[in-house]
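Visitor: Build me a model:
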Amino acid sequence: MGTLMPFVGMVIVILAQVGNMVVIKAALSRGINRYVLIVYSNFLSTLILLPCSFVFNRSERLPLSFSIVCKFFLQALVQSVTQVSRYTGLDYSSPTLDTAMLNLVPAFTFILAVTFRMEKLDWKSRSSQAKTLGTLTSIAGAFVVTFYKGPKMTGAQSFTAPTSLLLFSTQLKWILGALLLATEAFMSSVWYILQAMILRRFPAIVTVVFFVSFFNTIMAAVYALILVNDTSAWKLRLDIGLIAVLYSALASIILINTLASWCLSKTGALFVTMFKPLGIIFAVVMGVLFSGDALHLGSMIGAIIIVAGFYAVMWGKANEEEKSSEDNGLESSKSSSETVPLLQNKTEDMNSLI
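Guide: Below is the predicted model:
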């Protein structure tokens, strides 16, 4: 039960994240300016999070020191770079490539967590071996889903050959989009590591998300005013642009950041980022159900590999927690056994005096 709720929470996070990619890509395809979209979504989320921070963290009135505020600003800077990389990369590529590149997050986070000693890595320990192999297995499975299609399992067969000229004309943008999405993956890993460090000193999750969103709004407004020269780009209409702002603010910033931060505080950075490969499965399912895309053999094989990787990592985490609880039990029993003779000696001394 200890990891059940974080497991469900991270599944919801990945579902919302994949949905956000689809909505943002649709808005960008309709000509919505990505910088304006970032400003409006962060501003709206800041307005919503301000009263929520007083409601949900009223029992956690922690002092705001200068160092904590600086960490909030640094986290906002990381989140700002992540958002710009994501939106620009989506504009140049597709949500499928974004979900593929996000599979680099577990590897980046695992390396950073081990570097900053937030995760224990003992090659002689079976739990560490399971977490390492599970991470690599899940990443490999996600890339199988993305880059190996195989024969179709559903839908009509298509024999239309791709146009070489069209593929060549979009190659440079696709490569640039891939590099930006890889940058997003790395910055997302940094975000998880910093968020874990902040929550250790300041566990008021909603308040943390509010301040990060607040600073991010200021930074986004500054570079948007510099980069966006067309004043008409700031006008919102009743179209996909407004839907993208609402969805990005409510689902991407508020729901995802708050829920992911809560799961992060309960389990750790590695457990949270291990759910990134699930985005590929959700993207494939959404493509089959809503876009009429065919289900390929590679998707099924990759999904099986991803599930195997998840079982390995979760087994490693469970084994590590079980060993930790056993060690704590032994230490408590040892300390209690050492206390009894002292009490007995004091009782004997008192009896001898009487």
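Visitor: helices and strands of the chain: which one has the lowest mean pLDDT?
Guide: In the chain, no helix or strand scores lower on mean pLDDT, DSSP states H and E than helix 164-169, which sits at a mean of 54.
Visitor: OK, contacts around the nearest residue to residue 282 once chain neighbours are set aside?
Guide: Closest residue to residue 282 in three dimensions, ignoring its sequence neighbours and counting by C-beta to C-beta, 6 or more residues apart in numbering: residue 18, at 4.6 Å. C-beta: built from backbone N, CA, C; applies to glycine. With contacts defined as C-beta atoms under 8 Å, 6 or more residues apart in numbering, the neighbours of residue 18 are 95, 99, 279, 282-283, 286.
Visitor: ok, residue 58 - how many residues close by?
Guide: Neighbour count for residue 58, taken as other C-beta atoms under 10 Å: 9.
Visitor: Would you mind listing where the stretch 251-354 of the chain has pLDDT under the threshold?
Guide: 287-296, 299, 325-354 (pLDDT under 70).
Visitor: That one: helices as residue ranges?
Guide: Listed in chain order, the helices found in the stretch 251-354 of the chain under DSSP state H, counting those that start in this stretch are 257-267, 269-273, 278-290, 297-353.
Visitor: about what we covered before: and the helix or strand just after the least confident helix or strand of the chain, what does it pack against?
Guide: Reading on from helix 164-169 to the C-terminus, the next helix or strand found by DSSP states H and E is helix 171-201. Taking 3 or more C-beta pairs under 8 Å, 6 or more residues apart in numbering; DSSP states H and E as the contact definition, the neighbouring helices and strands of helix 171-201 are helix 66-92, helix 95-101, helix 104-115, helix 205-227, helix 257-267, helix 269-273.
Visitor: the inter-axis angle of helix 171-201 versus helix 104-115?
Guide: Angular relation of helix 171-201 and helix 104-115 on a 0 to 180 degree scale: 40 degrees, by axes from the mean of the first three to the mean of the last three C-alpha atoms, to 10 degrees.
Visitor: buried ones in helix 171-201?
Guide: 177-178, 180-196, 198-199 (16 or more other C-beta atoms under 10 Å).
Visitor: How about stretch 43-52?
Guide: With the criterion 16+ other C-beta under 10 Å, stretch 43-52 contains buried residues 43-46, 48-49, 52.
Visitor: Could you export the residues you listed as JSON lines, including pLDDT, secondary structure and distance to residue 106?
Guide: Converted to JSON lines, these look like this (pLDDT from 0 to 100; DSSP: H, G, I helix; E, B strand; the rest coil; distance: C-beta to C-beta, whole Å):
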{"residue": "43", "pLDDT": "96", "secondary structure": "helix", "distance to residue 106": "31"}
{"residue": "44", "pLDDT": "96", "secondary structure": "helix", "distance to residue 106": "30"}
{"residue": "45", "pLDDT": "96", "secondary structure": "helix", "distance to residue 106": "26"}
{"residue": "46", "pLDDT": "96", "secondary structure": "helix", "distance to residue 106": "30"}
{"residue": "48", "pLDDT": "95", "secondary structure": "helix", "distance to residue 106": "30"}
{"residue": "49", "pLDDT": "94", "secondary structure": "helix", "distance to residue 106": "28"}
{"residue": "52", "pLDDT": "91", "secondary structure": "helix", "distance to residue 106": "30"}
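Visitor: Mind putting these into TSV with distance to residue 307?
Guide: TSV is the format used below for the buried residues of stretch 43-52 (distance: C-beta to C-beta, whole Å):
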residue	distance to residue 307
43	40
44	37
45	33
46	38
48	36
49	35
52	35
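Visitor: Now flag whichever of these is closest to residue 305.
Guide: When the buried residues of stretch 43-52 are compared for distance to residue 305 (C-beta to C-beta), residue 45 comes out closest, at 35.6 Å.
Visitor: where's the closest one relative to residue 303, distance?
Guide: Computed with C-beta to C-beta, to the nearest Å, the distance linking residue 45 and residue 303 is 33 Å.
Visitor: One more: residue 259?
Guide: Between residue 259 and residue 303 the distance, using C-beta to C-beta, works out to 24 Å.
Visitor: Please name the residues that touch the closest residue to residue 207 other than its chain neighbours.
Guide: Sequence neighbours aside, residue 53 is the residue nearest to residue 207 in space, at 4.5 Å (criterion: C-beta to C-beta, 6+ apart). With C-beta under 8 Å, 6+ apart as the criterion, the residues that contact residue 53 are 204, 206-207, 210.
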